[in-house]
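Engineer: Okay, here's the prediction I keep looking at, along with the sequence it came from:
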Amino acid sequence: MMASLFSIFDPTSSILLLSMNWLSTFLGLLFIPYLFWASPSRWSLLWSKICLILHNEFKTILGQLNVGSTIMFVSLFSFIMFNNTLGLLPYVFTSSSHLTMTLTLAFPLWLTFILFGWLNHTQHMLAHLVPQGTPGLLMPFMVLVETLSNIIRPGTLAVRLAANMIAGHLLLTLLANMGPSLSLTLLSLLMIAQILLLLLESAVAVIQSYVFAVLSTLYASEVN
């Protein structure tokens, strides 16, 4: 007996006797962004505002020809800041306090900028080695100084970030170890000092990520 032409539309799809016919009706919902369903929170609005401010600042440093590069530096700021902030939680290792982490971020950036500058803007890079108005006798010395300062840049970036993160955590740890031997009054003062230091470390976590991103942006602007 010949089946009806419309029998192909009969509900027959199932998995373990669970009908899957109407699943396609809801598949489209998976492709709708979550912002369609709910208004953005204050945190998301604040973060969007911060990213916009950073984008405008980095755009000013890099110039209009390299506006797209600001995405990389905003992402770099975000990555370092989240690592710094998460390190303030108990029993969480602060990866940004280790030179292995900071050098891994700083050295490839510096090497990329240097190679790009020397391969594409050789005269511009040579001009940077001798500041304008330098006396002729001091030119060889200035070339040596500028070359050395360029070479140590990734090290200074990495050490600055790691040292600032280690210093605060070390101070918090040393003060915390004094707690068991203190009286109740001194212990209360120690708790207040620890809270203030923790607030200071929260500010340092943001500031150091900002400094790292801004210095990287400045190094990138010099090769153009």
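Structural biologist: Happy to help now that I have it.
Engineer: so how many other residues sit close to residue 139?
Structural biologist: For residue 139, the neighbour count with other CB atoms under 10 Å is 13. From N, CA and C alone the C-beta is placed, and that goes for glycine too.
Engineer: if I read this right, it contacts residue 130, doesn't it?
Structural biologist: Yes. With contact defined as CB atoms under 8 Å, residue 139 reaches residue 130; the gap is 5.5 Å.
Engineer: contacting residues for residue 81?
Structural biologist: Residue 81 is in contact with 205, 206, 209, 210, counting by CB atoms under 8 Å, 6 or more residues apart in numbering.
Engineer: again, only this time at 6 Å
Structural biologist: Residues in contact with residue 81, defined by CB atoms under 6 Å, 6 or more residues apart in numbering, are 206, 209.
Engineer: cool, the one 4 residues further on as well?
Structural biologist: Under the criterion of CB under 6 Å, 6+ apart, the contact list for residue 85 reads residue 205.
Engineer: Use 12 as the first number for this chain going forward.
Structural biologist: Yep, numbering from 12; the last one is residue 96 now.
Engineer: pretty sure it belongs to a helix, no?
Structural biologist: Yes. The assignment for residue 96 by DSSP: H, G, I helix; E, B strand; the rest coil puts it in a helix.
Engineer: so how many other residues sit close to residue 153?
Structural biologist: 14.
Engineer: so it touches residue 143, yeah?
Structural biologist: No. Residue 153 lies out of contact with residue 143 (CB atoms under 6 Å); the separation is 10.8 Å.
Engineer: Tell me the buried residues in the longest helix seen in the chain?
Structural biologist: Using DSSP state H, we find that the single longest helix of the chain is helix 195-233. By 16 or more other CB atoms under 10 Å, the buried positions in helix 195-233 come out as 208, 212, 215-216, 219-220, 222-228, 230-232.
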